[in-house]
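In: Predicted model, plus sequence, below.
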Amino acid sequence: MTLSYVPGDSLAHGVDPRAKLLVQVGFAAAAYAYTAPRGLAALTVVAVACLWLSGGGPRDLWSYRAAFPVLALAPLVAGATLGAPWFRLDRAATTGLASYRVVLLLVVAAGYVRSTPVRESRAALQRSVPGKPGQFLGVGVALVFRFLPLLKRDLVTARAAVRARGGGALPVHERMRLVAVAGVNRAFGRADRLGTAMNARCFAWNPTLPRLAFGRRDVGAAAVGGGLLAAAAATLV
Amino acid sequence: MIEVDGVTCRYDGGADDDASVTAVDGVSLSVADGEFVVVAGANGSGKTTLVRTFNGLATPDAGAVAVNGTPVEADLVAARTAVGMVFQDPRDQLVAATVGADVAFGPENLGLSHDEIDRRVAAALAAVNMTGRGDERIASLSGGERERVAIAGALAMEPDHLVLDEPFTGLDEPARRSVVEHLRERHAAGTSVIVVTHDLRDVLGLADRVVGLSDGRVAVDAGPDAATRALAELGVRVPESAASDDASEAGR
């Protein structure tokens, strides 16, 4: 399963993407400002609420499964030492909290992605960042969100094709090589075809963007984002 | 009208720098407004490359293509607006996560007003019997439904000419019938329709004219009845009834 927009009528679906982006920025700032267990516990509540309000749940986190082993392994690597005492708990705990912080950011991002159509993200960026930089960012976001699910599907297909012809018996590094080579080939082909499809439909740097309206609900979300930013800033004072 | 004048397209031959493959070789033809033309030929005969020159997705190495009197290279946006194209694999064409967003992609790029975009999206979805399904995820659609969304995406540009590249590949019988019915309706509405195929069974009855390609050249350009026998020799699958008619005529 690839994390992507899921049509729905949850509270987050109805919130202006600019307000949702502000919540994300505020959350990221707060997560880096409050690194103690108590602060992260409070942020856990916010992160879970963000995902829940977007109609999501634990299943949505499955798409991050490749990242979780790395995040889980990081504290062990950080705590290990080459000599006595062989393992330093304080270092492992610090890295463990940092890993957990990343997990929380991923949870909030999952809530955003599943409740925000790509073109609304593009519109939010282009309206928030004026001029060419905004257009560049908007197009970048649109292309990444369109291309990544296709690329992932191609990799899964390549892996299935390797397995279907007995590739499952090959050593792991050989399977990885086969899937990587096929994946890169497909990625180039896919990028070419996506570009052609967009050209055929008159791809423009500055298209008509979807309507965005800032309403009462958005004020609430923006207040949450602003509050998180203010809380983060308070630690600097 | 689409006018193709002596178009030649070559592709790089790959590792050997000196080798190049001529996909389309000096083709001249025209497609009148409201005409239903089938471009047929075996795999590798140059069909897809030829129709891609109609809206500038392929650039001829020689010759010229004009759409509605304007050379394609002089105004690519005009050409791509006038010539809607549905690719062989709809997955290559669908660029958004939901049906409505994908159909709106083209009109948004034209910079149209929101009201006009909404109108075009609604009309295009209605034309392919998908009214009210704008919020559905494309990933959850069947092959036939994706084909219909791809057609709707092209129709939303309100093209004068609709080009479909192998539109029946991978579709089951009901989906094929559905696509044929939509093509019939578009043709009746005055849009010229160009179908690229190596299998004439579904569209021969709709065609005003059949252009058969072989090795990048026009081997036959005639009405459907006259073209059938020559097309079978080019490796094109023709309806069994047409093939048997030809056989009995030959036996007389």
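Out: Yes, it's here. Every value quoted in this text rests on a predicted model; they were computed, and no experiment measured them.
In: Every contact and neighbour count from this point should use C-alpha atoms.
Out: OK.
In: Tell me the spacing between A:Pro7 and A:His13.
Out: Noted for A:Pro7: a distance of 8 Å to A:His13, by Cα to Cα, to the nearest Å.
In: Regarding chain A, what is its longest helix?
Out: Ranked by residue count under DSSP state H, the longest helix found in chain A is helix A:131-164.
In: mind checking the SS state of A:Ala92?
Out: helix (DSSP: H, G, I helix; E, B strand; the rest coil).
In: Number of residues surrounding it?
Out: Residues lying near A:Ala92 (other Cα atoms under 10 Å in any protein chain shown) number 19.
In: what's the answer for A:Trp86, then?
Out: By the measure other Cα under 10 Å, the count of residues near A:Trp86 is 10.
In: Touching, it and A:Ala80? I think so.
Out: Yes: checked against Cα atoms under 8 Å, the pair A:Trp86 and A:Ala80 is within contact range at 5.7 Å.
In: ok, back up a step: give the other helices and strands that the following helix or strand past the longest helix of chain A contacts.
Out: From helix A:131-164 onward toward the C-terminus, using DSSP states H and E, the following helix or strand is helix A:172-200. When contacts are defined as 3 or more Cα pairs under 8 Å, 6 or more residues apart in numbering or on different chains; DSSP states H and E, helix A:172-200 sits against helix A:131-164, helix B:90-93.
In: returning to that earlier point: flag every buried residue along the longest helix of chain A.
Out: With burial defined by 16 or more other Cα atoms under 10 Å in any protein chain shown, the residues of helix A:131-164 counted as buried are A:134-136, A:138-139, A:141-143, A:145-147, A:149-151, A:154-155, A:157-159, A:162.
In: is it anywhere near chain B?
Out: Yes: between helix A:131-164 and chain B, judged by Cα under 8 Å from any Cα of the partner chain, the touching residues are A:Arg146.
In: Show me what the mean pLDDT comes to for that helix.
Out: Helix A:131-164 shows an average pLDDT of 83 in the prediction.
In: Could you identify the longest helix within chain B?
Out: With residue count as the measure and DSSP H as the assignment, chain B has helix B:173-188 as its longest helix.
In: Averaged pLDDT, that one. What do you get?
Out: Helix B:173-188 shows a mean pLDDT of 85.
In: Return the distance of that helix from the chain's centre.
Out: Using Cα atoms, centre = their mean, to the nearest Å, the distance from the centre of helix B:173-188 to the centre of the chain it belongs to is 13 Å.
In: Give me the neighbour count for B:Leu183.
Out: Applying other Cα under 10 Å, we find 25 other residues in the vicinity of B:Leu183.
In: so it sits right up against B:Ser192, yeah?
Out: No: distance between B:Leu183 and B:Ser192: 9.7 Å, which falls outside the contact criterion (Cα under 8 Å).
In: what's near enough to touch A:Ala158?
Out: Contacts for A:Ala158 (Cα atoms under 8 Å, 6 or more residues apart in numbering or on different chains) come out as A:179, A:182-183.
In: Kindly apply the preceding question to B:His161 instead.
Out: Neighbours of B:His161 in contact, by Cα under 8 Å, 6+ apart: B:33-34, B:82-84, B:191-194.
In: which one of the residues you listed has the most neighbours?
Out: For the contacts of B:His161, the largest number of neighbours (other Cα under 10 Å) sits with B:Val83, at 31 neighbours.
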